[in-house]
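Peer 1: sequence-free structure coming up:
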């Protein structure tokens, strides 16, 4: 799916948020400035987060309280070793009646449970154009493949 601005990217995220459940893991992939944090902003707002959602690049993790569930937003760009993922307490975050979104999550796939939704955001032709691609991995998101197709136009294209 292609979007023409950050608001459209946030709207796509909101549609995916409506399909999310506590314990879900979403990996956000894309170059610097592609829109991973903008995606998280739309996702969080759809779950009732009212506080500003900012990039956790320097803090590594942010937590936001939503009406529907808690949102954990992690950025693993600055991690130098895979074993540093343990310090983030990911198993506890997933068991926290929450959904976890991880920017640069492809860098730590070996340390993650094999059940997540991968959202790849790439630059389009115009400055604000983006292409979003969704890939379910494991049973949780794969079971929702039909809903993704119905609500977002398809798997492979969010």
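Peer 2: Perfect, I can see it now. As the structure is a computational prediction, the values presented were derived from the model and not from experiment.

Peer 1: check contacts around the closest residue to residue 5 other than its chain neighbours.
Peer 2: Nearest non-adjacent residue to residue 5, counting by C-beta to C-beta, 6 or more residues apart in numbering: residue 128, 4.6 Å away. Heads up, the C-betas are built off the backbone N, CA and C, glycines and all. Counting by C-beta atoms under 8 Å, 6 or more residues apart in numbering, residue 128 makes contact with 4, 5, 6.

Peer 1: against residue 13, how distant is the last one?
Peer 2: Spelled out, that is residue 6. 10 Å (C-beta to C-beta, to the nearest Å).

Peer 1: flag the shaky bits of this structure, pLDDT-wise.
Peer 2: Regions of the chain meeting the criterion pLDDT under 70 cover residues 80-85, 154-158.

Peer 1: the same query, at a cut-off of 90, please.
Peer 2: 1, 55-60, 68, 77-97, 107-108, 110-111, 145-146, 148-158 (pLDDT under 90).

Peer 1: in the protein, which spans are strands?
Peer 2: Applying DSSP state E to the chain gives strands spanning 2-3, 25-29, 61-64, 70-75, 98-103, 116-123, 130-137.

Peer 1: what helices and strands are in contact with the fifth one?
Peer 2: So the one you mean is strand 98-103. strand 25-29, helix 36-46, strand 70-75, helix 90-94 (3 or more C-beta pairs under 8 Å, 6 or more residues apart in numbering; DSSP states H and E).

Peer 1: what's that strand in contact with?
Peer 2: By C-beta under 8 Å, 6+ apart, strand 98-103 touches 17, 20-28, 36-37, 39-40, 43, 47, 55-57, 63, 69-77, 90, 93-94, 108, 112.

Peer 1: give me the neighbour count for residue 19.
Peer 2: 15 (other C-beta atoms under 10 Å).

Peer 1: tell me the contacts of residue 36?
Peer 2: 28, 29, 30, 55, 103, 104, 121.
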